[in-house]
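Okay, here's the prediction I keep looking at, along with the sequence it came from:
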Amino acid sequence: MARLKYATPRQQPVNSYIPQHLRDCKFVFVRNDAVRRPLTPAYQGPFQVLRRTDKHLTIKRANSTDTIAIDRTKPAFLEKRQYDANPALRPPNAIPAHPSDAAPQTSNDTPATPVRQTRSGRRVTFPKDLRKYYYY
């Protein structure tokens, strides 16, 4: 036991996945690392990238700049909308020429079973064996 030597631990590289598009994208989403309530989005953004280094991005966020780690970001792929700059290129509001076939057909027939209303105005149908009783 006296001859055993202490072995130094191996250095494990900490690799994280960084998307290739993150090198040249103009906008990014930023991950919110805080404990979140259910059904809240994990990412905020998109934010404009002002400057980038190997490990950090400087983004424009609500009239201020933030420097964040590149591991917390993912690239944002936004559509290029040419007609936003020129109002003449905006497409007109499209209205279908004929009504859709999926619209339900309304009928004026009276229902086969009588429909009753509760005191609160809710329409209910009672079971057949309970129809002989009176409801107020």
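Sure thing, it's come through.

quick one: L22 and G45, what's the gap?
L22 sits 13 Å away from G45, going by CB to CB, to the nearest Å. (Each C-beta comes from the backbone N, C-alpha and C, glycine too.)

The helix or strand bottoming out on mean pLDDT in the chain pairs with which strands?
The helix or strand of the chain with the lowest confidence, counting by mean pLDDT, DSSP states H and E, is strand 116-117 at a mean of 80. Sheet partners assigned to strand 116-117 using DSSP bridges are listed as strand 123-124 (antiparallel).

can you pull the alpha-carbon coordinates of the lengthiest strand in the chain into PDB?
Secondary structure of the chain per DSSP state E: the longest strand is strand 43-52. Provided in PDB are the C-alpha atoms of strand 43-52 (Å, rounded to 0.1, in the frame of the first residue of the first chain):
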ATOM      1  CA  TYR A  43     -36.200  30.300 -25.900                       C
ATOM      2  CA  GLN A  44     -36.700  34.100 -26.200                       C
ATOM      3  CA  GLY A  45     -36.200  36.200 -29.300                       C
ATOM      4  CA  PRO A  46     -35.200  36.500 -32.100                       C
ATOM      5  CA  PHE A  47     -32.500  39.000 -31.200                       C
ATOM      6  CA  GLN A  48     -30.100  40.800 -33.600                       C
ATOM      7  CA  VAL A  49     -26.400  39.800 -33.400                       C
ATOM      8  CA  LEU A  50     -24.200  42.800 -33.100                       C
ATOM      9  CA  ARG A  51     -20.800  41.100 -32.500                       C
ATOM     10  CA  ARG A  52     -19.500  37.600 -32.100                       C
END
